[in-house]
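**Q** Sequence plus predicted model, see below.
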Amino acid sequence: MKEIFPWKRTLQEEMIKMLKVKLHKSALFLSTVCVTCGTTYVVEKVEAILLEGDKRIGNVCKECIKMGSQEIPMILRQQSQRLREKAKTLEELSNRSIDCPPWDEYLQASGDKNLGSENACQEVKANPQMIMSRVFLIGEGIVPNEELEGLQNEHIKIFLTELDISQWPPEILHLKKYAEIEIDDRYLFRFDAGV
Ligand SMILES: [Zn+2]
């Protein structure tokens, strides 16, 4: 049987195969990874989600949105190539023997031999001076590692415990903008639950 509108069918198939980026208003600051380019970024005000029909594939960063529909497949190809190269490196590493210090040594180096992993979150809770939102900022990578490089443990401790920014030493004043980020309690609760 001859189809009357074969072009129409093709168009529908194309529509189904097409991926779509949808924008959602967001009141939360969330750390996420762009599925297109692989960058870790913080969702601010608008969350862009790549969808296949109703299926969520991942977030897309604003730099990729700026590049536009035409360029996104090319960015994905480049990222896919980078991951392939990374996978190759990891594969090579997996064939090597690795000398890793025992867990005990790690605990000793962290200054508390009795602190097991299951107690780590309770420890944080038991310490009233620890500001959970600051722990979250570092734990979730919202404060990028580059910002923490070169800081002494003492500085990081002040960031985690001192609410009054006027009391901060100049070494950590560049972290002020992160301390001002408002974080929804639900995310802190997730941290509290020790997940
Ligand atoms: Zn991106």
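**A** That came in fine, so what should we check first? Quick caveat: nothing in here was measured; it's all calculated off a predicted structure.
**Q** Residue ranges in this structure under the pLDDT threshold?
**A** Residue ranges of the chain with pLDDT under 70: 1-9, 11-16, 112-129, 184-195.
**Q** how about the top helix by length along the chain, does it reach the ion?
**A** Here the longest helix in the chain is taken by residue count, with DSSP state H as the criterion, and it is helix 72-94. No. Against the ion, helix 72-94 shows no contacts by CB under 5 Å from the ion, the least distance being 6.6 Å. All C-beta spots, glycine's among them, are computed from the backbone N, C-alpha and C.
**Q** who's in contact with that helix?
**A** Where contact means CB atoms under 8 Å, 6 or more residues apart in numbering, the residues beyond helix 72-94 that reach it are 21, 36-38, 60, 64, 67.
**Q** same thing but 7 Å
**A** Outside helix 72-94, the residues within contact range by CB atoms under 7 Å, 6 or more residues apart in numbering are 36-38, 64, 67.
**Q** now stretch 50-59
**A** Contacts made with stretch 50-59 from outside it, assessed by CB under 7 Å, 6+ apart, are listed as 19-22, 32, 34-35, 43, 47-49, 60.
**Q** Next SSE downstream of the longest helix of the chain?
**A** Toward the C-terminus, helix 72-94 is succeeded by helix 103-109 as the next helix or strand (DSSP states H and E).
**Q** Distance check, the residue nearest to residue 144 when sequence neighbours are not counted against the ion.
**A** Closest residue in space to residue 144, ignoring its immediate chain neighbours: residue 40 at 7.6 Å, by CB to CB, 6 or more residues apart in numbering. In this view, residue 40 and the ion are 10 Å apart by CB to the ion, to the nearest Å.
**Q** I figured residue 40 was touching residue 141, is that so?
**A** Yes. Taking contact to mean CB atoms under 7 Å, the distance of 5.9 Å between residue 40 and residue 141 places them in contact.
**Q** Spit out the residues that contact those two alike.
**A** Common contact partners of residue 40 and residue 141 (CB under 7 Å, 6+ apart): residue 31.
**Q** re the thing from before, tell me how far the longest helix of the chain is from the chain's mean position?
**A** Using CA atoms, centre = their mean, to the nearest Å, the mean C-alpha position of helix 72-94 is found 19 Å from that of the whole chain.
**Q** now do stretch 50-69
**A** On the basis of CA atoms, centre = their mean, stretch 50-69 is displaced by 16 Å from the centre of the chain it belongs to.
**Q** For the protein, what lies in contact range of the ion?
**A** Taking CB under 5 Å from the ion, the part of the chain that reaches the ion is made up of 34, 36-37, 61, 64.
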